[in-house]
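A.B. asks: Return a 3D structure for these sequence lines:
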Amino acid sequence: MKTRVAVIFGGRSSEHAISCVSAGAVLRALDRDVYDVIPVGITEAGHWVVEDDDPERLVIRDGEMPHVRADRDPVTLGRDVEGRVVLTSITGSTLGVIDVAFPVLHGPWGEDGTIQGLFETVGLPYVGSGVFASAAGMDKGHMKAMFRIAGLPVGPYEVVTNRDWITEREATLARVAELGFPLFVKPARAGSSLGISKVRDEATLVACIEQARVHDPRLVIEAGFEGVREVECGVLIDVDGIPRASACAEIVVKGSHEFYDFEAKYLDDSADLVVPAQLDADTVAELQRLAILAFDAVAGEGLARVDFFVCADGSIIINELNTMPGFTPISMFPRMWAHGGVTYPEVVQRLVNDALVRGAGLR
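C.D. replies: Residues are numbered from 1 along each chain as shown. The predicted model follows:
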């Protein structure tokens, strides 16, 4: 009997479209001789629907981003009278038993521990990190605090909460300015570089904070580093259950982009993704070591992508960790593993197998 996999994508976050693109690649990679696949989309309004098993619809075409169709009848996830995890239509009919979930969700209400909590509640095995690690990995402020506790090299930063901004604006601005310029203003719980601004002076700081607050009322503001190299490393659970680090890759931004923003990532081909990064063997080994330490610091499971800055003097600063990195065909995570001989379908199969072995519940 085939394993039935629910590939869950879309969602209510601002990364809805990127989630769809990632899911299209996962759907394409799952071997239909091994798996029964149910594509489950979550609309931007939060309704769950069964989507067509059509990866070609979930691609970016001429700058147009895909979305989950909102004209489908909603479904729910829960347990039936026999204790099986099933999808159920609004009419009450069962659409099928689910063996494992592959949540290809980016951002809040999907990558942040919320949907992982649902899976744990119904007892459904799922790909990726659990509730705690997903929540910690989603919030850049808490993540950096955990990295510091673990002794990892973290750059200077400040967390700006909604209360800080509303009740202590001037004190907050003064605290942030002590980081020096340039600095980066980021939504604490968003990804795909949405809402991020590089700020070169105090004149534009307030406007950039307000822009980031459109995506999240909680912000992380980081000291900027000039002349650094942006390097990433993937972590993937091996067949023996041990986390392994991938080859490292470097992002080289071109043209008018000052950093690796949303347009450079997905729309206008303004970055070179160099795999493997041209670094000496000792630096690569240290990046791989730190990537696994970061993974363990947040109690990661399944997979992660860890982002670093490599400074001119050879020192390393850890920037952040993503518990569900981009899975699009051009994303760094699958490309780094492909360089090491692990193909995209093999990555997907390894993650599904790991989820089934781990199961749900305390572990």
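A.B. asks: Tell me how far Gly96 lies from Phe119.
C.D. replies: Distance, Gly96 to Phe119, using C-beta to C-beta, to the nearest Å: 16 Å. Every residue, glycine included, has its C-beta placed from N, CA and C.
A.B. asks: For those two, indicate the residue with more neighbours.
C.D. replies: The neighbour comparison of Gly96 against Phe119 (other C-beta atoms under 10 Å) goes to Phe119, with 25 against 16.
A.B. asks: residues in contact with the more buried one?
C.D. replies: Phe119 makes contacts with 101, 103, 125-126, 360, as judged by C-beta atoms under 8 Å, 6 or more residues apart in numbering.
A.B. asks: hang on, Lys144 is in a helix, isn't it?
C.D. replies: Yes: counting by DSSP: H, G, I helix; E, B strand; the rest coil, Lys144 falls inside a helix.
A.B. asks: Checking Leu279 next. Helix, strand or coil?
C.D. replies: Leu279 - assigned by three-state DSSP - is coil.
A.B. asks: can you give me the helices in the stretch 251-363 of the chain?
C.D. replies: 262-266, 281-297, 332-339, 344-358 (DSSP state H, counting those that start in this stretch).
A.B. asks: right, so of those helices, which gets closest to Asp313?
C.D. replies: helix 281-297 (11.5 Å; C-beta to C-beta).
A.B. asks: per-residue confidence averaged over the closest one?
C.D. replies: Mean pLDDT, taken over the full extent of helix 281-297, equals 98.
A.B. asks: Tell me which other helices or strands it touches.
C.D. replies: helix 140-149, strand 229-237, strand 243-253, strand 303-310, strand 316-322 (3 or more C-beta pairs under 8 Å, 6 or more residues apart in numbering; DSSP states H and E).
A.B. asks: TSV please, covering those and showing distance to Gly340.
C.D. replies: Formatted as TSV, these follow (distance: least, C-beta to C-beta, whole Å):
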stretch	distance to Gly340
helix 140-149	25
strand 229-237	9
strand 243-253	5
strand 303-310	14
strand 316-322	19
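A.B. asks: Which pair of the contacts of Phe119 spans the longest distance?
C.D. replies: Pro103 and Ala360, at 13.0 Å, using C-beta to C-beta across the contacts of Phe119.
A.B. asks: Overlap in contacts, these two.
C.D. replies: Common neighbours of Pro103 and Ala360 (C-beta under 8 Å, 6+ apart) are 119, 126.
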